[in-house]
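Engineer: sharing a model that was predicted from the sequence below.
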Amino acid sequence: MNVRVRFAPSPTGALHIGSVRTALFNWLYARHTGGAFVLRIEDTDVARNTEQSLNTILDGLKWLGLDWDEGPYFQSKRAEIYRQRAQQLRDVGHAYERDGALRFRMTREPVVINDLIAGPVTRALGDREVSDPDFVIVRSDGTPVFHFVNVVDDLEMKITHVIRGEDHLSNTAKHIALFRAFGVESPAYAHIPMILNVDGSKMSKSDPDPAKARLASLTAYVEDGYLPEAVRNYLCLLGWSPKDDRQILPIAEVIQKFDLPQILRHNAKFDVTKLEWMNGQYINALTSDELDWRAATFGIKCADAPYRRAVLNLLKGKISLLKQLPERCGYFFTEDFLIDPAAVAKSPVDPVMLTKLTDRYATLPVWDAATLESNLKALAGELGVKTGQLIHPCRLAVSGQTVGPSLYHMLEVLGRDRVLSRLRKFKP
RNA sequence: GGCCCCAUCGUCUAGAGGCCUAGGACAUCAGAUUCUCAAUCUGGGUACACGGGUUCGAAUCCCGUUGGGGCCGCCA
């Protein structure tokens, strides 16, 4: 069978992280089967749609590397198709008008949904549905409703597998009834469980808690300096597993192993802490080139490219988010860096010793980490002090902080001129 | 209220009746190491929701309870 799947978001604000996972699973399944990944924009609710949020969707998918094979199709441009399909339902007696709206004559019998993930589900009518099982498919203003256009498009676009959030599982009975009314078989369904906040609440873009609301949008991860590969990898592991003990997986391997029946049936909680760890792993694995251009988007700009790269290389093992870069490496790029008062209080500086270190460093024939280390240690020995008594003040003088990369490597990268001038200028 | 889905460490998961005194990862705690730690390494603690069955044997199968989630719109 020629697999055709689709991602069908509605352009209302930011792209929800749960939608992103739905898109990812659709994409994975398409790539796994060699099928087509179709992008369809469900913009039938004119009042809520914006042009900007369409771009948010497209940019988000591109950022994650989820390329689509067809579309985007816009429901707002397919009115004629819906009009004809509505007429078809009228003709076969499955739709009737009431109060100016067109209603679908829904089956009263329980509907069996053979879900690829949840298994066979028998959906009976609820109490409120029993009293009025039929539902509106075209509003009195003539615009079609979600359940209707969703089914019509899946039919017209020859979608073979509908992979979507579990929030649609109950609605699927309506969709299957609609397909039957059209006289065709419904596509296969795969309802993937939801992702929730760690506290079990729903991830909502409009959560009253701003921190939680932020976590629900893909934008937050882009802004915070997550790598798309890391976000994608983390999302793959929410409800799916390679079944060995690895966490970091090349996407090609996920594509090869991914399949619908092994998707877990229970909801997953979104643990941003683990994602951040994973992001650190991905950052650390970045090549110098990749890190360089990504850092540029986080404000790391310095005309001296070799120096800039050396700095980034030094820092990359110590950060887990790209947005940490400016604060962690600011002192590499300016002489006007801040001397942290707390750091001064923490490690008292003996100016005499610092001067001796400066003098010794000034005479070094070569300037590399090994030489800097051996000389500092030798001086500490001559002065009868612990290396730490030279190291900490030195770190403070050249960086203004108590934490940072290995001192000798840091000095090597900073270079002789910067180091000596900072040591001479420093006043505790 | 009705209908539907689900239930292994705090979190993501491995586990498809004996290999489980339940494995891995994140987090956490302790120790080690280096000049610092937000790095690295080592080690520890922590889970089969509960109650009934079925079976020689159940985390794994069945039923119930409890708990969580979803849907019942002229929103998507």
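Structural biologist: Sure, I can see it.

Engineer: going forward, measure contacts and count neighbours with C-alpha atoms only.
Structural biologist: Will do.

Engineer: what sits against the residue most central in space within chain A?
Structural biologist: Nearest to the mean C-alpha position of chain A, by Cα atoms, centre = their mean, lies residue A:231 at 4.0 Å. Contacts for residue A:231 (Cα atoms under 8 Å, 6 or more residues apart in numbering) come out as A:64, A:221, A:275, A:279.

Engineer: and for residue A:411?
Structural biologist: Each residue near residue A:411 by Cα under 8 Å, 6+ apart is listed here: A:369, A:372, A:419.

Engineer: same deal with residue A:103?
Structural biologist: Listed by Cα under 8 Å, 6+ apart, the contact set of residue A:103 reads A:95, A:96, A:97, A:134, A:135, A:136, A:137, A:138.

Engineer: wait, the last one sits on residue A:104?
Structural biologist: Which is residue A:138. No: with contact defined as Cα atoms under 8 Å, residue A:138 does not count as touching residue A:104 (9.0 Å).

Engineer: ok, back up a step: and the helix or strand hosting the residue nearest to the centre of chain A, average pLDDT?
Structural biologist: Using DSSP states H and E, residue A:231 sits in helix A:228-236. Mean pLDDT, computed over helix A:228-236, is 97.

Engineer: gap between the lengthiest helix in chain A and the chain center?
Structural biologist: In chain A, taking DSSP state H as the definition, the longest helix is helix A:17-33. Mean-position distance between helix A:17-33 and its chain equals 13 Å (Cα atoms, centre = their mean, to the nearest Å).

Engineer: RNA strand B: which of the contacts of residue A:411 is nearest?
Structural biologist: The closest of the contacts of residue A:411 to RNA strand B turns out to be residue A:369 (Cα to the nearest atom of the strand; 8.5 Å).

Engineer: list the contacts of the nearest residue to the closest one once chain neighbours are set aside.
Structural biologist: Closest residue to residue A:369 apart from its sequence neighbours, by Cα to Cα, 6 or more residues apart in numbering: residue A:408 at 4.7 Å. Shown in contact with residue A:408 (Cα under 8 Å, 6+ apart): A:368, A:369, A:370, A:372, A:373.

Engineer: output the below-cut-off pLDDT ranges for chain A.
Structural biologist: A:46-49, A:347, A:428 (pLDDT under 70).

Engineer: okay, now the domains of it?
Structural biologist: A:4-75+A:195-276, A:78-192, A:286-333, A:341-425 (automatic domain parsing).

Engineer: which stretches of the stretch 101-250 of chain A form helices?
Structural biologist: Using DSSP state H, counting those that start in this stretch, the helices assigned to the stretch 101-250 of chain A run over residues A:127-131, A:146-156, A:172-181, A:210-215, A:218-223, A:228-236.

Engineer: redo these as CSV? Include distance to RNA strand B.
Structural biologist: Conversion of the helices of the stretch 101-250 of chain A to CSV gives the following (distance: least, Cα to the nearest atom of the strand, whole Å):
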stretch, distance to RNA strand B
helix A:127-131, 4
helix A:146-156, 4
helix A:172-181, 8
helix A:210-215, 14
helix A:218-223, 16
helix A:228-236, 7
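
Engineer: in JSON lines: those, plus distance to residue A:45.
Structural biologist: Output for the helices of the stretch 101-250 of chain A, formatted as JSON lines (distance: least, Cα to Cα, whole Å):
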{"stretch": "helix A:127-131", "distance to residue A:45": "24"}
{"stretch": "helix A:146-156", "distance to residue A:45": "9"}
{"stretch": "helix A:172-181", "distance to residue A:45": "19"}
{"stretch": "helix A:210-215", "distance to residue A:45": "23"}
{"stretch": "helix A:218-223", "distance to residue A:45": "22"}
{"stretch": "helix A:228-236", "distance to residue A:45": "29"}
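
Engineer: do you know which of the ones you listed lies nearest residue A:17?
Structural biologist: helix A:218-223 (5.4 Å; Cα to Cα).

Engineer: identify each buried residue in the closest one, please.
Structural biologist: For helix A:218-223, burial by neighbour count (16 or more other Cα atoms under 10 Å) applies to A:218, A:219, A:220, A:221, A:222.

Engineer: and it, what other elements does it pack with?
Structural biologist: Where contact means 3 or more Cα pairs under 8 Å, 6 or more residues apart in numbering; DSSP states H and E, helix A:218-223 is not packed against any helix or strand.

Engineer: pull the CA atoms of it into PDB?
Structural biologist: The C-alpha trace of helix A:218-223 is given here as PDB (Å, rounded to 0.1, in the frame of the first residue of the first chain):
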ATOM      1  CA  LEU A 218       7.700  25.300  20.200                       C
ATOM      2  CA  THR A 219       8.900  28.900  20.100                       C
ATOM      3  CA  ALA A 220      10.200  28.700  23.700                       C
ATOM      4  CA  TYR A 221      12.700  25.900  22.700                       C
ATOM      5  CA  VAL A 222      13.900  27.800  19.700                       C
ATOM      6  CA  GLU A 223      14.400  30.900  21.800                       C
END
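
Engineer: and for it, what are the contacting residues?
Structural biologist: If you take Cα under 8 Å, 6+ apart as the criterion, helix A:218-223 is touched by A:14, A:15, A:16, A:17, A:20, A:60, A:214, A:215, A:228, A:231, A:323.

Engineer: what's the separation between the first one and RNA strand B?
Structural biologist: Counting by Cα to the nearest atom of the strand, to the nearest Å, the gap from residue A:14 to RNA strand B is 13 Å.

Engineer: hmm, residue A:55 and that residue touching each other?
Structural biologist: No: if you go by Cα under 8 Å, residue A:14 and residue A:55 don't touch, sitting 9.6 Å apart.

Engineer: the two: which has the busier surroundings?
Structural biologist: More crowded of residue A:14 and residue A:55, by other Cα atoms under 10 Å: residue A:14, with 20 against 15.
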